[in-house]
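Student: quick one: sequence plus predicted model below, questions after.
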Amino acid sequence: MFTGIVEQVGTFESLVGSRMKVNWPGLSLDPEPLVIGASVANNGACLTVVEVEGDVVGYDVVEETLVRTNLGGLRSGDPVNIERAAKVSSRLDGHIVQGHIDRIGTILTGAPQLRIDCGRDMTKYIVEKGSIAVDGVSLTVVELFEEGFSVSVIPHTSKVTTLGCKGPGDTVNLEFDVLAKYVERLFSSTPLVRGE
């Protein structure tokens, strides 16, 4: 579980086969070492650490993750939002984020009034003043429109995450409120297995 409060902006290094590598500045100096098997959100997608070499972290990324997220489209040098899993004893400054990406959205207007097209079929999971994770950043929905939503990005968030350097046409990973998805499942005839 995560909170949507980005800890660091790293740099995408490579994706060779299924092994993705991200440079995490200052990781080797961190008094709390990152261990193999740890969960880390990269642009909001929960990945398992399989390799740590100095400041470079390796993850094995499956096809489902590459299809559902913007990670497969990253190029060497692209910035990546990084967040370690939350501790039970820590403050929950954002909202509960699973790291399970629902959809790739497209930015229509950049920060500070970020407008994102998520597709008309997904707006049912969004409410004004509700929480949403955008590339792993916990944000509050300002407004809904037919194909998406808007959020306000404060200068601090623009500075310490990737949202400040993204603009129209760029993609972002979106995670909607898990409670909305459970409620829909309870009150619908959604099939248990995809394809039924």
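Tutor: Here it is on my side, so go on. Residues are numbered from 1 along each chain as shown.
Student: pretty sure residue 15 is touching residue 69, no?
Tutor: No: when contacts are counted by Cβ atoms under 8 Å, residue 15 is not listed as touching residue 69 (11.8 Å). (Glycine included, C-beta is placed from N, CA and C.)
Student: neighbour count for these two, which is higher?
Tutor: Taking neighbours as other Cβ atoms under 10 Å, residue 15 and residue 69 compare with residue 69 leading, 26 against 19.
Student: show me what contacts that one?
Tutor: Residue 69 makes contacts with 43-45, 101, 104, 173, as judged by Cβ atoms under 8 Å, 6 or more residues apart in numbering.
Student: which of these ranks first by neighbour count?
Tutor: Neighbour counts for the contacts of residue 69 peak at residue 43, which has 31 neighbours (criterion: other Cβ under 10 Å).
Student: can you give me the strands for this protein?
Tutor: Secondary structure of the chain by DSSP state E: the strands cover 8-16, 19-23, 39-42, 45-53, 56-60, 79-84, 103-109, 113-117, 131-134, 137-145, 148-152, 171-175.
Student: for residue 32, which of these is the nearest?
Tutor: Closest to residue 32 of the strands of the chain is strand 79-84 (Cβ to Cβ; 8.4 Å).
Student: got the CA coordinates for that closest one in CSV?
Tutor: Taking C-alpha atoms only, strand 79-84 is exported to CSV below (Å, rounded to 0.1, in the frame of the first residue of the first chain):
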residue,chain,number,x,y,z
PRO,A,79,11.8,11.1,-14.9
VAL,A,80,10.0,8.6,-12.7
ASN,A,81,8.0,9.2,-9.5
ILE,A,82,9.2,6.9,-6.8
GLU,A,83,7.5,6.0,-3.5
ARG,A,84,8.3,3.2,-1.0
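Student: now it: average pLDDT?
Tutor: Across strand 79-84, the average pLDDT comes to 97.
Student: deepest-packed of the strands of the chain, please.
Tutor: strand 131-134 (a mean of 26; mean count of other Cβ atoms under 10 Å).
Student: so how far is that one off the chain centroid?
Tutor: Distance of strand 131-134 from the chain centroid (Cα atoms, centre = their mean, to the nearest Å) equals 8 Å.
Student: packing partners of that strand?
Tutor: If you count contacts as 3 or more Cβ pairs under 8 Å, 6 or more residues apart in numbering; DSSP states H and E, strand 131-134 packs onto strand 137-145, strand 148-152, strand 171-175.
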